[in-house]
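Peer 1: Have a look at this fold, sequence not included:
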């Protein structure tokens, strides 16, 4: 008898029998007849106990044997029949075994012997990337896939129903949109009531028709503002059309002969209605800051998508706004202990000129002002202006480096950032956190990255330059410190450079600002001396132009030789020169910068929105003037990426 089958008595029974034998010995000693009787009874008891124990053991063994069989059978059925995919593969990613469930996805009777690509082309790359858990789609099914790479085993759990519920939940999420008529006030201010009423009727009818066709709830909340409520599913449909309502609005403009445009801010995400409303308003501010006539969509993670922005923004600044901003800036300056002024890294004429203008505003209001300046980060063109400033000791003493600025700034100081609104581009990002009082004055279209919690923002993408904006602010300041000839000349130089000598992005206000500066003593001859070109740079630019190739019939693309370091000014000047050539509608210049990044300068005549193209490469700018810098890549790879984005841009326009 094996150990498994041998009857086993419990410890308690053995103890009981041991005690009984001891007692039996005493009985035998004192009364042997009674001892015989008791011995017989004890033997019989012991016999029946063993039989009962054996019976219980046999029954237990039979139960365990039956249960083991049932468990084994259930395991086999689960492995083969349950709606879970199980696959074993070899080192070559060939299926060695699979359960019956996976055979339904095979073109033949079985997938054994086939590559994992037969199931899904995503599997092999995911295994190679050591992804242990991910979701894939096979036919109309969605699977949560778990990889056990050491065992070369794959589990696929059907989550089709859950995926459908998630999709339904996502599609039904509420989306809030604010629709704004960009230039309604400017257009209607001189209209009589009849024409204004007709315009309101046409625009409202147009938007109601669009909302009805797309399943949106639309409500007009003011003369120039509408609220639209929809779902994410509707938003996805509108995104597939690239919000062609903007183009339809242009057609309505042609019919009415009234140049009115739309801007739309959209808030979307898994958030409450108040948060969605804030996202929608923030998106609208972003769209308007980029020039209007476009759609900005912001989700609860902060990501933003843009549509439209294909037309040049119309000039709609008013002197009323300039006066209000000027007075607000004056109050902030007076309430501060000192004013710290910053432009962008590698400053140009516009950055330095506008900074000098703000310095004059601070001094006019009796507050010390300082311009944060890195003397090691300037180009040749700006260097001439800096040399002229050094001669004027009264002006030069207000130029300080970032370290000195950190020593001077206090919690009561005012920081004024000019010619940029991106914290990553300012001379010293650390200074932004030293005080709660920040002013942003810029003429670029607003990007996603923006200085946090500014006290005052004056962003006008309709302006030619920041120097133009600052000049207007100067006009409404108290008649205190007179603008010096060099200060006026620096501001005029900033306008001249950014307008390419008053040929691009100029409005009537641009010439008004230039006239004001000229009256204050700005020297146009000195401006030309600041802008004189270096002969070696001219030759280098000519060689880059010689390498130019024409892409898509009218786009000029040129690049410097690998290892040939070019300054941002040279790259920009080359792009400007290419744009002056016959038949060129846009130009892109690619070259390596001194910081190791690959820089691109992009220019256009307005037909192509180079800002959108550069934003896809983490850059930005204007519709006709934009740039970007890319790290850890090569010139050739950047050129290929640029061409892919251009192809996508043109395909999108053709699809519309």
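Peer 2: Received the coordinates, thanks. If you're wondering where the values come from, they're calculated on a predicted model, not measured in any experiment.
Peer 1: what does the domain assignment say about the protein?
Peer 2: Residue ranges for the domains of the chain, per automatic domain parsing: 11-79, 84-164, 180-308, 319-530, 536-655.
Peer 1: to the chain's geometric centre, what's the distance from the third one?
Peer 2: In this case it means domain 180-308. In terms of CA atoms, centre = their mean, to the nearest Å, the centre of domain 180-308 is set 22 Å apart from its chain centre.
Peer 1: distance between the ends of that domain?
Peer 2: End-to-end span of domain 180-308 (CA to CA, to the nearest Å): 14 Å.
Peer 1: Next, format the domains of the chain as TSV and append mean neighbour count and distance to residue 171.
Peer 2: Every C-beta, even on glycine, is put in place using the N, C-alpha and C of the backbone. Listed next are the domains of the chain as TSV, based on neighbours: other CB atoms under 10 Å; distance: least, CB to CB, whole Å:
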stretch	mean neighbour count	distance to residue 171
domain 11-79	12	35
domain 84-164	15	10
domain 180-308	17	4
domain 319-530	20	26
domain 536-655	18	23
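Peer 1: Pipe these into JSON lines and attach mean pLDDT and distance to residue 172 per row.
Peer 2: As requested, these are exported to JSON lines (pLDDT from 0 to 100; distance: least, CB to CB, whole Å):
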{"stretch": "domain 11-79", "mean pLDDT": "70", "distance to residue 172": "36"}
{"stretch": "domain 84-164", "mean pLDDT": "83", "distance to residue 172": "12"}
{"stretch": "domain 180-308", "mean pLDDT": "86", "distance to residue 172": "6"}
{"stretch": "domain 319-530", "mean pLDDT": "89", "distance to residue 172": "27"}
{"stretch": "domain 536-655", "mean pLDDT": "88", "distance to residue 172": "28"}
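Peer 1: can you tell which of the ones you listed is closest to residue 170?
Peer 2: Closest to residue 170 of those is domain 180-308 (CB to CB; 5.8 Å).
Peer 1: I'd like the domains of the chain as CSV, with distance to residue 173 appended.
Peer 2: Output for these, formatted as CSV (distance: least, CB to CB, whole Å):
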stretch, distance to residue 173
domain 11-79, 38
domain 84-164, 15
domain 180-308, 5
domain 319-530, 22
domain 536-655, 26
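Peer 1: show me the contacts for residue 369.
Peer 2: By CB atoms under 8 Å, 6 or more residues apart in numbering, the residues touching residue 369 are 338-341, 358-359, 361-363, 398.
Peer 1: Among those residues, which ones are in strands?
Peer 2: Judged by DSSP state E, strands contain the following of these: 338-341.
Peer 1: So residue 176 is in contact with residue 231, correct?
Peer 2: No - judged on CB atoms under 8 Å, residue 176 makes no contact with residue 231 at a distance of 10.8 Å.
Peer 1: before we move on, the earlier item: with distance to residue 416 added, can I get the ones in strands among the contacts of residue 369 in CSV?
Peer 2: Formatted as CSV, the ones in strands among the contacts of residue 369 follow (distance: CB to CB, whole Å):
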residue, distance to residue 416
338, 11
339, 6
340, 7
341, 5
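Peer 1: all strands of the stretch 451-600 of the chain, in order?
Peer 2: Taking DSSP state E, counting those that start in this stretch to define them, one finds strands in the stretch 451-600 of the chain at 456-459, 549-551, 555-559, 586-592, 598-604.
Peer 1: just checking, what packs against the shortest one?
Peer 2: What that stands for is strand 549-551. Applying 3 or more CB pairs under 8 Å, 6 or more residues apart in numbering; DSSP states H and E, one finds that strand 549-551 contacts strand 555-559.
Peer 1: how much does the strand it packs on deviate in direction from strand 598-604?
Peer 2: 160 degrees (axes from the mean of the first three to the mean of the last three CA atoms, to 10 degrees).
Peer 1: Identify the residues contacting the closest residue to residue 470 other than its chain neighbours.
Peer 2: Among residues not flanking residue 470 along the chain, residue 357 sits closest, at 3.7 Å (CB to CB, 6 or more residues apart in numbering). Going by CB under 8 Å, 6+ apart, residue 357 touches 467, 470-471, 473-474, 487, 490-491.
Peer 1: hmm, back to that, let me have the contacts of residue 369 in TSV, extended by distance to residue 164.
Peer 2: Formatted as TSV, the contacts of residue 369 follow (distance: CB to CB, whole Å):
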residue	distance to residue 164
338	62
339	59
340	56
341	57
358	58
359	63
361	61
362	62
363	67
398	66
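Peer 1: Can you tell me which of the residues you listed lies closest to residue 280?
Peer 2: residue 358 (33.0 Å).
Peer 1: unless I'm mixing things up, that closest one is touching residue 469, no?
Peer 2: No - counting by CB under 8 Å, residue 358 stays clear of residue 469, with 10.3 Å between them.
Peer 1: which residues do these two both contact?
Peer 2: Overlap of the contact sets of residue 358 and residue 469 (by CB under 8 Å, 6+ apart) consists of residue 441.
Peer 1: Show the contacting residues for the residue nearest to residue 608 when sequence neighbours are not counted.
Peer 2: Spatial nearest neighbour of residue 608, excluding adjacent residues (CB to CB, 6+ apart): residue 586 at 4.4 Å. Residues counted as contacts of residue 586 (CB under 8 Å, 6+ apart) are 554-556, 579, 602-605, 607-608, 610.
Peer 1: Could you dump the strands of the stretch 451-600 of the chain into TSV with distance to residue 410 added?
Peer 2: Output for the strands of the stretch 451-600 of the chain, formatted as TSV (distance: least, CB to CB, whole Å):
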stretch	distance to residue 410
strand 456-459	19
strand 549-551	53
strand 555-559	47
strand 586-592	41
strand 598-604	37
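Peer 1: Give me the contacts around stretch 149-169.
Peer 2: Taking CB under 8 Å, 6+ apart as the rule, stretch 149-169 contacts 83-91, 96, 102, 116, 123, 127, 130, 132, 135-136, 138, 140-148.
Peer 1: on that earlier part again, let me know the closest of the ones in strands among the contacts of residue 369 to residue 388.
Peer 2: Among the ones in strands among the contacts of residue 369, and counting by CB to CB, the member closest to residue 388 is residue 341, at 18.4 Å.
Peer 1: Bridged to that closest one, which residues?
Peer 2: residue 371, residue 416 (DSSP bridges).
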